[in-house]
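Novice: whatever this is, show me its structure:
(one chain, ligands or ions: 2)
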Amino acid sequence: MFPLIREILAMAPRSQELTVRGWIRTKREMKNLVFLEVNDGSCLASIQCTLDPAAGGLSPAKLGTGASVEITGKLLPSPARGQEAELAVSALTVLGEAPGEDRETAEGTIRAYPLQKKRHSLEFLRETPQLRGRTNTLGAVMRVRSRLAFAVHRFFQERGYQYLHTPIITGNDAEGAGALFRVTSQGGEGEFFGRKSFLTVSGQLEAEAYAAALSRVYTFGPTFRAEHSNTARHLAEFWMIEPETAFAGLNENMDLAEDFLKHCINTVLEDCAADLAFFDERIQPGLSGSLRSAAESPFTRMTYTEAVGELRKPGAGPFEFEPRWGADLQSEHEKFLTEKCAAGPVILTAYPREIKAFYMKLNPDGKTVRAMDVLVPRLGEIIGGSEREEKLGALCSRMKELGIDTEGYGQYLDLRRYGTVPHAGFGLGFERLIQYLTGMTNIRDVIPYPRSAGQLF
Ligand code: ATP
Ligand code: MN
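Specialist: Ligands and ions are numbered 1, 2, ... in the order given. This next block holds a predicted model:
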């Protein structure tokens, strides 16, 4: 296989002959020299290629931004600042042109390549998902995303967790974690599965079953919620990571979440240094420093009650929504706790039972549950988890209280009927993690093809 530009740029230039494949980012024409910046998405940097238009067959005419090329030349030390090597071109083939102006062809009008030299807004790029991966920002995001996916598996595999593929089509609505998408077959009559079916909103219930068999499992897969709130941190289709640990309680769960986030931060700091420097410079000034400090210090841990106390202290506001014990925290409250109060990630525990799901274990106070949410600066909630109620009687009475039909949860209750064990787990939104680690403010810009209400490009 031909070398990638990231491999070429790591070589010492010794006049060796090489072939580069990629897409032209920019072309600068001087009197008797043409400079091409060629990028192949393997790294942030492009390779500079210099060609002498007087040399036979090297016409620069078709070398527009966006064209794909195959270039052979010698790798030489570069006199230019900020780059070690450049390619002195001896042969060049345009594989695919990208016209700089609208062009009439037999197949109809080909519009000018939309990504010209100037910087485009992220909003503009969102409408061109098929091309936006060729920009510096989206390229960097997708490299970080890929590296992080790998880091997720490495983290859990090294700790004895088995990767579990939970179903995408389910018959349960997982505690009503979010609004559901219904699954039906096109044109068929009645229910395809003989009963109502949905796209999964969480793999937790199935993960609990396998944690009660394999001790430690994690899921990492697509998740769907018919969110109508059009926020910068909600998608209709996103990826979730859900570890579930048997023979563990809230403290082990909190430690796991903290270790995991630190592992992800360190992965990006170590493996994605150039991309991270780019985000720090162009997207979120101070990003690397804040990530480094989050990785180096223990996360602040406090109870929900303590958090409400902090929020109600004189001088804490002003808030649009008054912080009140018993109410869900608003994102302005989460921002205050992580940015002003702790200046870093915060793990909140012991939430009022009324605002959390039925499966969370009650604390001895009878009023709060053994929930744990992890909040981070800029974003708020990134992880939601809990110790689960493992006692059959306690779980059933909690379900009755909330009017949940125990009939529909026969399989889930069986886990409490046969060999029940204490266990705990959490759910982490993969895109929110990427937002946290790249500083990208809109979740639509950290997934290749974002899906949200009213938008399906
Ligand atoms: P929020 O209150 O932010 O809507 P949630 O409490 O409904 O989130 P959970 O059910 O706790 O979310 O899901 C676990 C994690 O999955 C969340 O902490 C978040 O990181 C992620 N997540 C939830 N909903 C979405 C969504 N619509 N798009 C992207 N990520 C999401
Ligand atoms: Mn949550």
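Novice: what's the single longest strand in this structure?
Specialist: strand 16-29 (DSSP state E).
Novice: for it, give the mean pLDDT please.
Specialist: Averaged across strand 16-29, the pLDDT comes to 95.
Novice: helices or strands up against whichever helix or strand comes after it?
Specialist: Counting by DSSP states H and E, the next helix or strand C-terminal to strand 16-29 is strand 34-39. Helices and strands touching strand 34-39, by 3 or more C-beta pairs under 8 Å, 6 or more residues apart in numbering; DSSP states H and E, are strand 16-29, strand 47-51, strand 68-77. In short, each C-beta sits where N, CA and C put it, glycine included.
Novice: what's next to strand 34-39, contact-wise?
Specialist: 5, 20, 22-29, 45-53, 60, 63, 69, 71, 89, 134, 139 (C-beta atoms under 8 Å, 6 or more residues apart in numbering).
Novice: where does this structure dip in pLDDT?
Specialist: Residues of the chain that meet the criterion pLDDT under 70 lie in 56-58, 117, 173-178.
Novice: how about the residues of it by ligand 1?
Specialist: By C-beta under 6 Å from any ligand atom, the residues of the chain that approach ligand 1 are 177-178, 225, 227, 234-235, 238, 240, 381-384, 427-429, 431-432.
Novice: mark which of these are part of helices, please.
Specialist: 431-432 (DSSP state H).
Novice: hmm, back to that, so what strands line up beside the longest strand of the chain?
Specialist: Its sheet considered, strand 16-29 pairs with strand 34-39 (antiparallel), strand 68-77 (antiparallel) by DSSP bridges.
Novice: ok, which of the helices and strands packed on strand 34-39 comes nearest residue 373?
Specialist: strand 16-29 (41.9 Å; C-beta to C-beta).
Novice: in the stretch 101-250 of the chain, which spans are strands?
Specialist: 103-105, 108-110, 162-163, 169-170, 198-199, 216-224, 237-246 (DSSP state E, counting those that start in this stretch).
Novice: oh, that last question was meant for the stretch 301-450 of the chain, not what I typed.
Specialist: Under DSSP E, counting those that start in this stretch, the stretch 301-450 of the chain gives strands at 346-352, 368-376, 380-387, 423-429.
Novice: rebuild these as a markdown table, extending it with distance to residue 280 and mean neighbour count.
Specialist: As requested, the strands of the stretch 301-450 of the chain are exported to a markdown table (distance: least, C-beta to C-beta, whole Å; neighbours: other C-beta atoms under 10 Å):
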| stretch | distance to residue 280 | mean neighbour count |
| --- | --- | --- |
| strand 346-352 | 23 | 23 |
| strand 368-376 | 17 | 24 |
| strand 380-387 | 20 | 23 |
| strand 423-429 | 23 | 24 |
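Novice: nearest to residue 443, of these?
Specialist: Among the strands of the stretch 301-450 of the chain, strand 423-429 sits nearest to residue 443 (C-beta to C-beta), with 8.5 Å.
Novice: show residues contacting that closest one.
Specialist: 202, 204, 207-208, 211-212, 238-250, 252-253, 256-257, 260, 370, 372, 374, 382-388, 390.
Novice: now swap in stretch 11-21 and tell me
Specialist: Everything outside stretch 11-21 that qualifies as a contact, by C-beta under 8 Å, 6+ apart, is 2-3, 5, 8, 38, 40, 47, 49, 68-78, 84-87, 90, 95.
Novice: mind checking the end-to-end distance for it?
Specialist: End-to-end distance of stretch 11-21 (C-alpha to C-alpha, to the nearest Å): 16 Å.
Novice: show me which residues of that stretch are buried.
Specialist: 13, 18, 20-21 (16 or more other C-beta atoms under 10 Å).
Novice: same question for stretch 349-366.
Specialist: In stretch 349-366, residues buried by neighbour count (16+ other C-beta under 10 Å) are 349-353, 356-363.
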